[in-house]
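Undergrad: Sequence first, then the predicted structure:
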Amino acid sequence: MVLRNVCKAAGLPGAHVFDAHFIPGNDEISMTPQFWLWLGFAGMAAGAAAILFIGKRRTHAEEADTIIHGIVPIIAACSYFAMATGQGSLVLPAGPEAADAARQFYFARYIDWTFTTPLLLLGLSRTAMHSGMRRPAVVWGLIGSDLLMIVTALAFGLSVVAWVKWTWFAISCGAFLAVFYGIFVQLREENASERTDVRSAFLRNAIFLSVVWCAYPVVLLIGQDGLGLLSPALALAVIAVLDLTAKVVYGIMATVQTTRAVDRDLAEGRTAATPLRRAA
């Protein structure tokens, strides 16, 4: 409320964003930015419940993977709830020289990505090294590159000076390439020693996640934080669909594949798949 009044007093065009009611189902929300934010919240909450329901906990590895992929959409649901209720965004100038025009900057999504993308990479690493986490340094390198990518993308979104903004964007893209190197070179080297079904699962997961992630910098580039070619509602819609795909669809797929791998482990009596001991 305070931020809305300040924006109106300053004559910022973006102030009307705060006039939307934060109650799902209102006619004013349908197919607007608020609609996509509430849809993201509902989809993430339902996805988290689905992953935790279908995930099994017969072994330590299976339990860990279920928790990792289950907590990712829970974090994302909190982020979408914050943005939908007006607590996860702020108003910034729309362009480097456009102090009289405003854009809604959703900083909560970067907080979300700071936690969820490392967890997704951890889950992918566990898939690659199903028989045991042999090279933790590779995993830490992946997570470090990923965090650098997110933090510099945040700086890109916050920047209002053109050369600063695009320098941050270039650095973020460079860190993104480092993440791909870690996935398709280092993790794949470790995955090469695994059995056929594990290698297939890793490659499938790596390609799926990478293709979805490649769309994010494109949306940031042409969205409101970049060139401004997409409307706020369309940009939020695309990000919401990408988030649901990367966190819910991928999470369900990875959880099912872990279950299949553990099925074979248990059938073959592998010691790495010793069932969990439960307290009496």
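TA: Cool, the structure landed.
Undergrad: ok, and what's touching stretch 213-221?
TA: 153, 156-157, 169, 172-173, 176, 226-227, 230, 235, 238-239, 242, 246 (Cβ atoms under 8 Å, 6 or more residues apart in numbering). For the C-beta atoms, the positions are set from N, CA and C on the backbone; glycine is no exception.
Undergrad: residues of it that come out buried?
TA: 213, 216, 217, 219, 220, 221 (16 or more other Cβ atoms under 10 Å).
Undergrad: Which strand or helix spans the fifth one?
TA: Using DSSP states H and E, the element containing residue 220 is helix 196-222.
Undergrad: can you give me the offset of that helix from its chain's centre?
TA: 12 Å (Cα atoms, centre = their mean, to the nearest Å).
Undergrad: before we move on, what about stretch 128-148?
TA: 17 Å.
Undergrad: and what of stretch 217-231?
TA: Relative to where its chain is centred, stretch 217-231 has its mean C-alpha point 17 Å off (Cα atoms, centre = their mean).
Undergrad: Now do it, average pLDDT.
TA: Summarised as a single mean, pLDDT over stretch 217-231 is 91.
Undergrad: Endpoints of that stretch, how far apart?
TA: One end of stretch 217-231 sits 16 Å from the other (Cα to Cα, to the nearest Å).
Undergrad: Kindly report the same for stretch 217-236.
TA: Stretch 217-236 end-to-end distance (Cα to Cα) = 14 Å.
Undergrad: What residues sit buried inside that stretch?
TA: Applying 16+ other Cβ under 10 Å to stretch 217-236 flags 217, 219-226, 228, 230, 232, 234-236 as buried.
Undergrad: Repeat that for stretch 162-180.
TA: Applying 16+ other Cβ under 10 Å to stretch 162-180 flags 165, 168, 169, 171, 172, 175, 176, 178, 179 as buried.
Undergrad: could you dump these to CSV with secondary structure?
TA: CSV is the format used below for the buried residues of stretch 162-180 (DSSP: H, G, I helix; E, B strand; the rest coil):
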residue, secondary structure
165, helix
168, helix
169, helix
171, helix
172, helix
175, helix
176, helix
178, helix
179, helix
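Undergrad: nearest to residue 68, of those?
TA: residue 179 (17.4 Å; Cβ to Cβ).
Undergrad: Could you pull up the contacting residues of the closest residue to that closest one other than its chain neighbours?
TA: Among residues not flanking residue 179 along the chain, residue 145 sits closest, at 4.9 Å (Cβ to Cβ, 6 or more residues apart in numbering). Residues near residue 145 by Cβ under 8 Å, 6+ apart: 175, 178, 179, 182.
Undergrad: Quick check, pLDDT for the first one.
TA: Predicted confidence (pLDDT) for residue 175: 98.
Undergrad: Quick one: residues contacting it.
TA: 145, 146, 148, 149, 152.
Undergrad: Would you mind listing the buried residues in the helix or strand containing the fourth one?
TA: If you go by DSSP H and E, residue 149 is part of helix 136-158. In terms of neighbour count (16+ other Cβ under 10 Å), helix 136-158 has its buried residues at 138-139, 141-143, 145-158.
Undergrad: by how many degrees do the helix holding residue 220 and helix 136-158 diverge?
TA: 20 degrees (axes from the mean of the first three to the mean of the last three Cα atoms, to 10 degrees).
Undergrad: In what element of secondary structure is residue 166 found?
TA: Short version, using DSSP H and E: residue 166 is in helix 162-181.
Undergrad: From residue 51, how far out is residue 74?
TA: Shown here: residue 74 relative to residue 51, a distance of 9 Å by Cβ to Cβ, to the nearest Å.
Undergrad: And those two? Which one has more around it.
TA: Taking other Cβ atoms under 10 Å, residue 74 and residue 51 do not tie; residue 51 has more neighbours (26 against 17).
Undergrad: I appreciate the help and will end here.
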